[in-house]
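sequence first, predicted coordinates after that:
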Amino acid sequence: MCLLTLFNISIFSLQFQLSPALSERLRVFESLREQRNKNRRQSVRESPLSVRLTNGQTVKGTAGVTTPHYVVLHDFLVCKVNGELWELGRPLEADCELQLLGFDSAEGRRVCPTEY
């Protein structure tokens, strides 16, 4: 489970009592997410890749292993990989152009409307 997801669920759980239906929905969602990630890992062969940042910097990584989160480590909420919104914890699948989005960008605020 994504650390941010765990954090958000924990904060939500402290503020509100989760109904059994919502708890089950979250469990099913995480199960499906884990299966999707497993399928992606199996379909992507581990090989070297290059991540070209929009500021011109290039970072080396490994397909199926390296995540945008690994590349930036902090300061950003979400990213775009080849123009597509992408979770920071989702592994990259091939050479790509990575655009990092923080709270200072309109898209970053749309994905995460409040700073944490």
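Happy to help now that I have it. Computed from a prediction, not measured in an experiment: that's the story for all the values here.

which stretches in the chain count as helices?
3-15, 20-43, 68-72, 106-111 (DSSP state H).

ok, residue 90 - contacts?
37, 67, 68 (CB atoms under 8 Å, 6 or more residues apart in numbering). For glycine as for every other residue, the C-beta is placed from the backbone atoms N, C-alpha and C.

filter the residues you listed to the buried ones?
Buried members of these, counted by 16 or more other CB atoms under 10 Å: 67, 68.

would you reformat the contacts of residue 90 as JSON lines and include distance to residue 30 and pLDDT?
Shown next, in JSON lines, are those (distance: CB to CB, whole Å; pLDDT from 0 to 100):
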{"residue": "37", "distance to residue 30": "10", "pLDDT": "79"}
{"residue": "67", "distance to residue 30": "18", "pLDDT": "84"}
{"residue": "68", "distance to residue 30": "20", "pLDDT": "82"}
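
reformat the contacts of residue 90 as JSON lines; add distance to residue 19.
Shown next, in JSON lines, are the contacts of residue 90 (distance: CB to CB, whole Å):
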{"residue": "37", "distance to residue 19": "27"}
{"residue": "67", "distance to residue 19": "32"}
{"residue": "68", "distance to residue 19": "33"}
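
closest one of the contacts of residue 90 to residue 21?
Closest approach to residue 21 among the contacts of residue 90 (CB to CB): residue 37, at 24.7 Å.

measure that closest one to residue 89 for me?
9 Å (CB to CB, to the nearest Å).

could you chop this protein up by domain?
Domains of the chain are assigned by automatic domain parsing as 3-42, 45-111.

okay, these, which one's buried deepest?
domain 45-111 (a mean of 15; mean count of other CB atoms under 10 Å).

between the two ends of that domain, how far is it?
Criterion CA to CA, to the nearest Å; first-to-last residue distance in domain 45-111 is 30 Å.

check stretch 86-105 too.
Taking CA to CA, stretch 86-105 runs 15 Å from one end to the other.
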